[in-house]
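J.: Pasted the sequence and its predicted model underneath.
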Amino acid sequence: MMGVLVKGLPKTEKVDKLDEFMASDKAPHRRMKEATPWRDAKFNLHYYQWYSGKETTGEGVYISIREDLEEFSECLNGSRIDKKHGPIITCVVPVCYNCWFPLDCEDTPIITTFNLEKASTLDRNVCEMCLPSPIHCCCCETIIEQEGLSEYLKFTRDIYACRSCSEDRSIQEKWRYNDKNKLINDVKSSYVEELYLSDEAIEREKELMGGEPPKPCKDITPFLETISIRDLIDPKSRDYWPFGMSAQQYLEHKELMRFNNPLQETPDETWKKIDVTEEVLSTYSRDLRDAIKKFKYSEEDRGTLPAEIVTQGCKYRLIERCHGFTCDSPVCQAVFHHQQDTDAGAFAALVATSIPMFTTRPGDIHGTPREAGFGHERCIACVSKVIPSYFRISDNCSFYSNSVKTARFTTDKKL
């Protein structure tokens, strides 16, 4: 079915008002001469249905049983709905006869680039949203039940596999090297992955893993390894399956990628030996309050808290504003994980981010983990244990950093 697409309409949340206007005698098609047969054309306004309400897309479609739609489109093209808005653009397009949205077909004009719906394979006159096409397994061609798929996955029309094929490596190898996919013969992906951690942190993670990548789990397959099966045959994707590799070799390749570029630092697990009792929680809270009071610290004024602490060859610097770090001392880590398990992340989001924290990381602590560098953190309560109560910021413990006077405390005690 064909219709006349109108582009250039106002984008507004007043959907009903614009819809009434386009049905009134003030609409472009109703302003035509009385004898014009297109005055009775039906207009369908397109809009988005957001959670907060409706909003027009700036487009709509005229539907008419007449065959001379090209002439109708030419008469409307360049006209205005009123003096406030610019001229509209029109063209004849195939439309879904259920929702009247333009279809993405071979005869769809080039200027129709947005808000296109894919045509259903069951009926080319209806869109996928109104009549979803059956989804077939990419390996065995069986129809996959759509009840288990999200609306987003149904809409994207990705490549899917049934459960049995998803768990079978040999079947997936046949799929990778079938007549169509074997033409994608790049031996490596063009995707360039940025390193997440600093070089020192990466080497530490490798040592913790025994110096070599782990073997792939026996139950994992290439299809289960990636989020989108389509990425396995996309040479630009991080998950690309290089030509010539077997399923086992591909999985080993992915393990090597993770080994060479770990996502995060593995924390010291000595905190697991600590039993977080009510007494431990009470002491933790009291130590924080006492330390903040001791240094007269506030978000507006850090009081007598030094900006740097030098101890046993380590230089700690104060993280000035809201941060995403946690203290690495065993007790503080134990309390943090205890709170994570009991308050669904409230402590981490509302309390931990504002606890005054010192770090030994040499780089940009407000940048990426790699930019921050490798190091560890200590909170104000832990720092308070090595700084005497009589400490005051004075000229003999100050220095200039980028023309800014900064207080430093030096001690032989271990933090």
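T.: Okay, I see it. This one's a predicted model, so the numbers in the text were calculated from it and none came from an experiment.
J.: Do a quick rundown of the strands in the protein.
T.: Listed in chain order, the strands of the chain (DSSP state E) span 2-7, 42-50, 53-63, 89-94, 135-136, 143-144, 308-311, 314-319, 357-359, 377-379, 398-401, 404-411.
J.: Can I get the ones you listed in a markdown table including mean neighbour count and mean pLDDT?
T.: Any C-beta I mention is one placed from the backbone N, CA and C, and that applies to glycine too. Listed next are these as a markdown table, based on neighbours: other C-beta atoms under 10 Å; pLDDT from 0 to 100:
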| stretch | mean neighbour count | mean pLDDT |
| --- | --- | --- |
| strand 2-7 | 23 | 90 |
| strand 42-50 | 16 | 91 |
| strand 53-63 | 18 | 92 |
| strand 89-94 | 21 | 90 |
| strand 135-136 | 17 | 86 |
| strand 143-144 | 13 | 84 |
| strand 308-311 | 18 | 90 |
| strand 314-319 | 18 | 92 |
| strand 357-359 | 23 | 95 |
| strand 377-379 | 23 | 95 |
| strand 398-401 | 11 | 49 |
| strand 404-411 | 15 | 68 |
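J.: These: which one's closest to residue 388?
T.: strand 404-411 (9.0 Å; C-beta to C-beta).
J.: Now do the same contact list for the residue nearest in space to the middle of the chain.
T.: Residue closest to the average C-alpha location in the chain (C-alpha atoms, centre = their mean): residue 227, at 13.3 Å. By C-beta atoms under 8 Å, 6 or more residues apart in numbering, residue 227 lies in contact with residue 239.
J.: just the one 5 residues further on next, same as before
T.: By C-beta under 8 Å, 6+ apart, residue 232 lies in contact with 176, 222-223, 226, 239-241.
J.: If we use 10 Å, what do you get?
T.: 159, 172, 175-176, 181, 184, 222-223, 225-226, 239-242, 250 (C-beta atoms under 10 Å, 6 or more residues apart in numbering).
J.: Pull stretch 242-251 out as CSV, backbone CA atoms only.
T.: Extracted C-alpha coordinates of stretch 242-251, given in CSV (Å, rounded to 0.1, in the frame of the first residue of the first chain):
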residue,chain,number,x,y,z
PRO,A,242,39.0,-14.9,13.1
PHE,A,243,39.0,-17.0,10.0
GLY,A,244,40.8,-20.3,10.4
MET,A,245,40.2,-20.7,14.1
SER,A,246,38.3,-23.6,15.6
ALA,A,247,35.7,-23.0,18.3
GLN,A,248,38.3,-24.1,21.0
GLN,A,249,40.9,-21.8,19.5
TYR,A,250,38.5,-18.9,19.4
LEU,A,251,37.6,-19.3,23.1
